[in-house]
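# next come a sequence and a model predicted from it.
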Amino acid sequence: MNDVQAATSTHGTDKHAPRNKTDLFVSFTLLALQGFGGVLAVVQRELVDKKKWLTLDEFVEDWAVAQILPGPNVVNLSLMIGGRAFGLPGALAALAGLLLAPTVLVLLIAVAVAGVADTPTAQGMLRGMGAVSAGLIAAVGIKLMGALKNNPMGQFSCLAIAAVTFVGIALFRLPLAWVLLSLGPLASLWASHCIAKRGEA
Amino acid sequence: MNIALTLADWWSLFLHFVSLSLLAVGGAITTAPDIHRYLVDETHWLSDTQFTSSIALAQGAPGPNVMFVALMGWNVGLNAAGGLAAGWPAVGLALWGVLITMVGIMIPSATLTFVATQWAHRNRELRAVKAFKAGMAPIVIALLIATGWLLTGNHENPTQDWPLWALTGATTLIVWKSKTHLLILLGFGALLGALGWI
């Protein structure tokens, strides 16, 4: 049942796709310029909630892949979405959109603030924005938990895996590579087992 | 800061970022300690202050966090030209530094991502591909929540830092439950910080 839904939702009419490479470039530029302290929170809201280029489930899947591959994860996500829509030119259009304007802007800011960056006011602003962006990231994580409902492993296994990950990273401060390389294969094997069992039933 | 860079130096700068690219699992920021070792301790092409402010500025400015790499390239170029006071030639050399470092850090990982994800998309019905995505989903979701936790838990003094935690907690609730524009929230945070309330 879920498989049928997943298959149709990829081609369903409730979903939109990037119209052309300019659309990709402009969308990722606007997205990047809204993303302070990282782009992730904006990506979820823009691509899933507003543009509907991805469903929440697809976003979680893509994000998992973007996260595990080397390189900045939002950069990886832009390459995936652009590449799926229009091949290599699409990937490059999305990547250029994500990087070009922010690079120009950050260099202008660097020139402008050379000198005032160490003042208490500037430090305070950065601290305040840092606290807000921490909240933005956590909120995206909480929202994405909704996508676990359709996970073949079942909600209980998902919550258990998520809890172990959180404890390892946030409380024990284990290196990311350890967690990904130990828990990742185990969870994938379990998921593979669950998918196979569901196929037989 | 004033340094001299030969063509061979630029080449080794490029190669260093190329070699770091595939190690950047979990975001470019994970390579920061090694960049510090190379640019600050070993070659002295970048001062410690320039290194730290590059990261802080990239966090505060819009765009992906990897912008800190562009800023470091910019600063190395500026140092090689003798600082911003040298005028347009300095800007030119600084932009060259941006190009060298950003292209270096991007090419290997972007190539791998593009090839691997195109393959995975063509084979998305394979059980291994499905299982990988399903198995990783709860892990990456927990990673996001853990990242939010770590970013705000960075402050070790509860009596002094509780307003920061409160701000993070309030932001989480607002973003989760409402459609408030994210820039309004960031502006509000910046204002509270500038006024010295947090």
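Sure, I can see it.
# show me the contacts for the spatially closest residue to residue A:111 that is not a sequence neighbour.
In space, not counting the residues next to it along the chain, residue A:111 is nearest to residue B:84; the distance is 7.0 Å by C-beta to C-beta, 6 or more residues apart in numbering or on different chains. For glycine as for every other residue, the C-beta is placed from the backbone atoms N, C-alpha and C. Contacts of residue B:84 were listed using C-beta atoms under 8 Å, 6 or more residues apart in numbering or on different chains, and they are A:111, A:114, B:78, B:90-91.
# ChimeraX command to pick out the buried ones of the residues you listed?
To isolate the buried members of the contacts of residue B:84 in ChimeraX, using 16 or more other C-beta atoms under 10 Å in any protein chain shown:
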select /B:78,90,91
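# mean confidence score for stretch B:49-68?
Average pLDDT, stretch B:49-68: 81.
# for that stretch, buried residues please.
Of the residues in stretch B:49-68, B:50-51, B:53-68 count as buried by neighbour count, 16+ other C-beta under 10 Å.
# from these, which are also near chain A?
With C-beta under 8 Å from any C-beta of the partner chain as the criterion, the subset of the buried residues of stretch B:49-68 in contact with chain A comprises B:53, B:56-67.
# domain parsing for chain B?
Residue ranges of the domains in chain B are recorded as B:7-117, B:125-194, according to automatic domain parsing.
# quick one, helices of chain B?
If you assign secondary structure with DSSP state H, the helices in chain B sit at B:7-21, B:32-36, B:48-60, B:67-81, B:88-122, B:127-152, B:158-177, B:182-194.
# mean pLDDT for those: which is lowest?
Per-segment confidence across the helices of chain B bottoms out at helix B:48-60, which has a mean of 78 in mean pLDDT.
# put the alpha carbons of it into PDB.
The C-alpha trace of helix B:48-60 is given here as PDB (Å, rounded to 0.1, in the frame of the first residue of the first chain):
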ATOM      1  CA  ASP B  48      44.100  33.200  14.400                       C
ATOM      2  CA  THR B  49      41.700  36.100  14.500                       C
ATOM      3  CA  GLN B  50      41.000  35.900  10.800                       C
ATOM      4  CA  PHE B  51      40.300  32.200  11.200                       C
ATOM      5  CA  THR B  52      37.800  32.700  14.000                       C
ATOM      6  CA  SER B  53      36.000  35.700  12.500                       C
ATOM      7  CA  SER B  54      35.700  33.900   9.200                       C
ATOM      8  CA  ILE B  55      33.600  31.200  10.900                       C
ATOM      9  CA  ALA B  56      31.600  33.600  13.000                       C
ATOM     10  CA  LEU B  57      30.800  35.800  10.000                       C
ATOM     11  CA  ALA B  58      29.800  32.900   7.800                       C
ATOM     12  CA  GLN B  59      27.400  31.700  10.600                       C
ATOM     13  CA  GLY B  60      25.900  35.200  10.900                       C
END
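# so how far is that helix from its chain's centroid?
Distance of helix B:48-60 from its chain centroid, counting by C-alpha atoms, centre = their mean, to the nearest Å, is 10 Å.
# for it, packing partners?
Helix B:48-60 sits against helix A:73-113, helix A:120-144, helix B:32-36, helix B:67-81, with contacts defined as 3 or more C-beta pairs under 8 Å, 6 or more residues apart in numbering or on different chains; DSSP states H and E.
# CSV please, covering those helices and showing distance to residue B:163.
Conversion of the helices and strands packed on helix B:48-60 to CSV gives the following (distance: least, C-beta to C-beta, whole Å):
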stretch, distance to residue B:163
helix A:73-113, 25
helix A:120-144, 8
helix B:32-36, 27
helix B:67-81, 27
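# about what we covered before: farthest pair within the ones next to chain A among the buried residues of stretch B:49-68?
Comparing all pairs in those by C-beta to C-beta, the longest separation belongs to B:53 and B:64, at 18.0 Å.
# rewinding a little: ok, so of the contacts of residue B:84, who is nearest residue A:21?
Proximity of these to residue A:21 (C-beta to C-beta) peaks at residue B:91, which lies at 30.2 Å.
# how many neighbours does residue B:83 have?
The burial count assigned to residue B:83 is 14, neighbours taken as other C-beta atoms under 10 Å in any protein chain shown.
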